[in-house]
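Engineer: this one's structure only:
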């Protein structure tokens, strides 16, 4: 008998039952692939956030790891199905050993190329029917018995690999296989050769799909499906019809890859091997320390992927980099003496040593009690940093009634209440129009103080009565009306009282009050009115009860007008006010 050669197209052709069976076997595998690529939107995350996250993850995952798995060894158990001339073919089992080898990267987003060799051991079963009886000797063949063929393919295939999600890899490909086969009856005896003499070896073109789900860097679970079209019609010992024999194997196995791949399973910019062996971070967690920065980002900027707050300033590295813009490697980013966390709590700027730009570092302001968020803490018109000799906490450091900023504008000293030492406080001189920098504003030979309190002349006019004689040398400098043009006078005082409302008799303000009481012109003033202030009436009364008897004791024997003291509530920095009450002839 002569061997009739199989035609190549037949090996690629399949009947309707073959196609249907292949589709049914491949559907679960395809469903698993689709499922791995889909997912629901997590609760509490907006669609724009989801899209942004997906875009970032997609960009990361399109990059191939530095070195994919080089060698992949699999042991598989399979279910088999013969697709041939018999209508009643049975499911059976088998197994295979495969070895895959990385060949090359096909470019970003294009996957990689692998080669695979394999050795299979499969049992293919079918049930005999009438057409087999018509060919074989009925003494050796029985109808309705289950017969089998042993198939041992040796395969050589090229596989295209791509990622499916973050934990799976899909392999698709095909190649050539050389298959040894042996059909036999239910007793294991080789079937006779009634038609033609056929060989025990044939060639096929396997079409393979494999899905590896990664368990660790080395181990994975493999789902496999392979369609085996052969170049023979004698796989079952019988040639019938126009189709070459085909069989299908599907199975599951365990895979071991070596050496350890330099993949980046968590997409944090570090390979798994680097994380585990070098940096001791978690290769399955992109942010090992949970500080909001990926492990790869942390190493790039110098922070530790194992400690959420590398510089131990109270702010996590992610907060410093993403929110505040501070240096996660420095506890005090702006070197102002305050830790970054302290500045974020108090409201100062952790990136500016002088938040309010007043010339003083934030920590210096806290140390001295000024407000690091206000350019001018006491509101006197001078930035805190310029008040080097005056107090940045007092609007009127010297208590002369002029704010420090006004004194600076007039060219005076904010710590000296009487710049020209003429006896008149600077605020009074500004108020009555005299020059606080000159003791004799009008150059008439009499100081401003002597004119105002002694002569009762106008310290701004060198000749008050207009008689051609300067007031300083005029025996009668006043006109007959005895009217003083600058008659309305009052002074305010700060820091007269100590704690407990006791009078501070050594304070500059109290001494100035005594000076004004003693120097009041007796012939023109009939009353000295002293108003004592308090934040409430209780405090005001307590202060009056301390000040009034003390003043009356000190002024006993002085030739001064009568003193009237009363209290009032006024929420200011002032402690008291002194006012001259003029004689009715001079007006009030």
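Structural biologist: On my side now, so go ahead. Small disclaimer: the values here were computed from a predicted structure and weren't measured. Residues are numbered from 1 along each chain as shown.
Engineer: any idea where the strands of the chain begin and end?
Structural biologist: Assigned by DSSP state E, the chain shows strands spanning 71-83, 89-105, 112-127, 146-164, 168-184, 201-204, 207-214, 219-229, 246-258, 490-493, 525-534, 562-569, 576-582.
Engineer: so which of those gets nearest residue 359?
Structural biologist: Between residue 359 and the strands of the chain, the shortest gap by CB to CB is with strand 490-493, which sits at 29.3 Å. (C-beta placed from N, C-alpha, C; glycine too.)
Engineer: buried sites along the closest one?
Structural biologist: By neighbour count on 16 or more other CB atoms under 10 Å, the buried set for strand 490-493 is 491-493.
Engineer: if we can go back for a sec, mind putting the strands of the chain into CSV with mean pLDDT and distance to residue 359?
Structural biologist: Compiled in CSV, the strands of the chain are given as follows (pLDDT from 0 to 100; distance: least, CB to CB, whole Å):
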stretch, mean pLDDT, distance to residue 359
strand 71-83, 95, 69
strand 89-105, 93, 60
strand 112-127, 94, 63
strand 146-164, 94, 59
strand 168-184, 94, 63
strand 201-204, 94, 88
strand 207-214, 96, 61
strand 219-229, 96, 66
strand 246-258, 95, 65
strand 490-493, 82, 29
strand 525-534, 89, 33
strand 562-569, 92, 37
strand 576-582, 85, 34
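Engineer: so which of these comes closest to residue 305?
Structural biologist: strand 207-214 (22.0 Å).
Engineer: I'd say residue 477 and residue 466 touch.
Structural biologist: No. Counting by CB atoms under 8 Å, residue 477 stays clear of residue 466, with 10.3 Å between them.
Engineer: lowest-scoring secondary structure element of this protein by mean pLDDT?
Structural biologist: Counting by mean pLDDT, DSSP states H and E, the chain has its least confident helix or strand at helix 8-12, which shows a mean of 35.
Engineer: wait, residue 167 touches residue 212, no?
Structural biologist: No. Using CB under 8 Å as the test, residue 167 is too far from residue 212 to be in contact (9.3 Å).
Engineer: these two: which is more packed in?
Structural biologist: A direct count of neighbours by other CB atoms under 10 Å for residue 167 and residue 212 places residue 212 higher, at 25 against 14.
Engineer: for the more buried one, give its distance to residue 170.
Structural biologist: Residue 212 is 8 Å from residue 170, where distance means CB to CB, to the nearest Å.
Engineer: tell me who's in contact with residue 447.
Structural biologist: Contact analysis of residue 447 by CB atoms under 8 Å, 6 or more residues apart in numbering lists 422-423, 439-440, 459.
Engineer: next up, phi/psi of it, please.
Structural biologist: Dihedral pair for residue 447: phi -70, psi 160, per degrees, to the nearest 10.
Engineer: now do it, the pLDDT please.
Structural biologist: If you check residue 447, the pLDDT there is 85.
Engineer: report the separation between it and residue 423.
Structural biologist: 7 Å.
Engineer: for residue 264, same thing?
Structural biologist: Distance check for residue 264 against residue 423: by CB to CB, it reads 85 Å.
Engineer: okay, those two: which has more neighbours?
Structural biologist: Remark: of residue 264 and residue 423, residue 264 carries more neighbours, 24 against 18, as counted by other CB under 10 Å.
Engineer: show the buried residues in the contacts of residue 447.
Structural biologist: Taking 16+ other CB under 10 Å as the criterion, what is buried in the contacts of residue 447 is 422-423, 439-440, 459.
Engineer: ok, of those residues, which one's closest to residue 580?
Structural biologist: Each of the buried ones among the contacts of residue 447 was scored against residue 580 by CB to CB, and residue 423 proved nearest at 14.7 Å.
Engineer: so what's that closest one up against?
Structural biologist: Residue 423 touches 447-450, 453, 515, 519, counting by CB under 8 Å, 6+ apart.
Engineer: quick one on the thing from earlier: got the contacts of residue 447 as TSV, with distance to residue 570 and pLDDT columns?
Structural biologist: TSV is the format used below for the contacts of residue 447 (distance: CB to CB, whole Å; pLDDT from 0 to 100):
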residue	distance to residue 570	pLDDT
422	30	80
423	27	77
439	33	88
440	36	89
459	30	89
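Engineer: kindly present those as TSV, with separate columns for distance to residue 410.
Structural biologist: TSV is the format used below for the contacts of residue 447 (distance: CB to CB, whole Å):
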residue	distance to residue 410
422	15
423	18
439	15
440	17
459	17
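Engineer: residue 574: which of those is nearest?
Structural biologist: Residue 574 has its nearest neighbour among those in residue 423, at 21.6 Å by CB to CB.
Engineer: for the closest one, grab phi and psi.
Structural biologist: Dihedral angles (degrees, to the nearest 10) for residue 423: phi 100, psi -10.
Engineer: what about it, distance to residue 417?
Structural biologist: Using CB to CB, residue 423 is found at 11 Å from residue 417.
Engineer: do the same with residue 496
Structural biologist: Residue 496 is 14 Å from residue 417, where distance means CB to CB.
Engineer: same check on residue 468?
Structural biologist: Relative to residue 417, residue 468 is positioned 36 Å away (CB to CB).
Engineer: who's more crowded, these two?
Structural biologist: The residue with more neighbours, out of residue 468 and residue 417, is residue 417; 24 against 7, by other CB under 10 Å.
Engineer: what's the closest non-adjacent residue to that one?
Structural biologist: Of all residues not flanking residue 417 in the chain, residue 400 sits nearest, at 3.5 Å (CB to CB, 6 or more residues apart in numbering).
Engineer: one more: residue 208?
Structural biologist: Residue 208 sits nearest to residue 226 (CB to CB, 6+ apart), 4.6 Å away.
Engineer: next: residue 118.
Structural biologist: residue 98 (3.8 Å).
Engineer: shouldn't the one you found be in contact with residue 114?
Structural biologist: No. Between residue 98 and residue 114 there is no contact under CB under 8 Å: 10.6 Å.
Engineer: so how far is stretch 373-390 from its chain's centroid?
Structural biologist: In terms of CA atoms, centre = their mean, to the nearest Å, the centre of stretch 373-390 is found 35 Å from the chain centre.
Engineer: what lies in contact with that stretch?
Structural biologist: Among residues not part of stretch 373-390, those counted as contacts by CB under 8 Å, 6+ apart are 347-348, 354-360, 365, 370-371, 391-398, 403-406, 408-409, 413-415.
Engineer: just the ones of the residues you listed in helices?
Structural biologist: Secondary structure from DSSP state H places 365, 404-406, 408-409 of the contacts of stretch 373-390 in helices.
Engineer: filter the residues you listed down to the buried ones and hand me the PyMOL line.
Structural biologist: Under the burial definition 16+ other CB under 10 Å, those of those that qualify are selected in PyMOL by:
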select buried, resi 365+404+405+406+408
